[in-house]
Structures are given as structure tokens and as C-alpha cells.
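Visitor: Need coordinates for the below:
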Amino acid sequence: MTLSFAPRDSHKSQIQFALERGIPAFLLMLGTRRLPFPAQSFDFVHCSRCLIPFTTYNGTYLIEVDRLLRPGGYIIISGPPVRWKKQEKEWGELQAMARALCYELITVDGNTAIWKKPAVASCLPNQNEFGLDLCSTNDDPDEAW
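Guide: A predicted model of the protein is given here:
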């Protein structure tokens, strides 16, 4: 199953377009609470021109996407900040954070990037270049914040 993010106000038509074609779509906002799905619920997470600042707040938004994505799943981001000249810093930070989470960059084509989540998280403690705080072993990823 695929989870698509769209800004609440500006891309409602993208969600409507997907629903009309029978594609499951959700209109959600990333924030200070976990989204209402259990961990590892999705094979794909797609963000098209959604302008989500994935790396702000110590990567909280990307970490939540990581929680929802199954091992071996894919994150697809198209539009800013992927290769946008005015957002080079954000693009660099997004790539660094994806590496810190041990994601493999599969391809960058124009303004679309695809990463693959590792099947196992064994490299995370060794490759934490972004300075992420590891979750406590007592943390239940299926529990709401």
C-alpha cells in the first residue's frame, strides 16, 4: 500500500485524482504526533511537491515516515527540495539524513528522488552522520505519541 502526502490546502486535487482512480490516498499533516497507522504499514511513501521540511526538528518528519515504511520499502520525493537551486541546503540535508537512516539512493531523475529503506537496521548505530537520537528500546512504534 502507498501513502501519499500532500499539503492540506494546496494539493487536494492530487488526493481526489488518486481516489477517483481507486488508489488509496490519505490527506495527512506531519506534526508533533505520530500518524494514525501502525509501524511498517506501507510499501511506498510518496510526496509530490509537498514542501515538507523533512529534516527540521532533528528529522522528526523523516523519522515518522521511516516508522511507517516497511523494511525494503521506498520513499519517493518529487519536487522541492530535490535538485532545486534555491533549496540546495535542504536537498543536502535530506540526502545526509537518508544516509544516516541507512537508506540507499536508488535514483535521482530531474526533480524526483527514490530511496530504498534497508531490510535490516543494523547499520544505523554505525552510520549516524546526521546526529540522530536513537529511539529507546522501550519505545513501541505502534503506540501514539
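Visitor: ranges for the strands of the protein?
Guide: For the chain, the strands defined by DSSP state E occupy 2-5, 42-48, 69-78, 104-109, 112-116.
Visitor: can you put those in TSV and add distance to E88, mean neighbour count and mean pLDDT?
Guide: Backbone N, C-alpha and C define where each C-beta goes, glycine included. As requested, these are exported to TSV (distance: least, Cβ to Cβ, whole Å; neighbours: other Cβ atoms under 10 Å; pLDDT from 0 to 100):
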stretch	distance to E88	mean neighbour count	mean pLDDT
strand 2-5	22	21	66
strand 42-48	19	19	84
strand 69-78	15	19	91
strand 104-109	14	12	93
strand 112-116	14	18	93
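Visitor: between those, which one is nearest to N138?
Guide: strand 69-78 (21.0 Å; Cβ to Cβ).
Visitor: Measure how that closest one sits relative to strand 104-109, angle-wise.
Guide: 20 degrees (axes from the mean of the first three to the mean of the last three Cα atoms, to 10 degrees).
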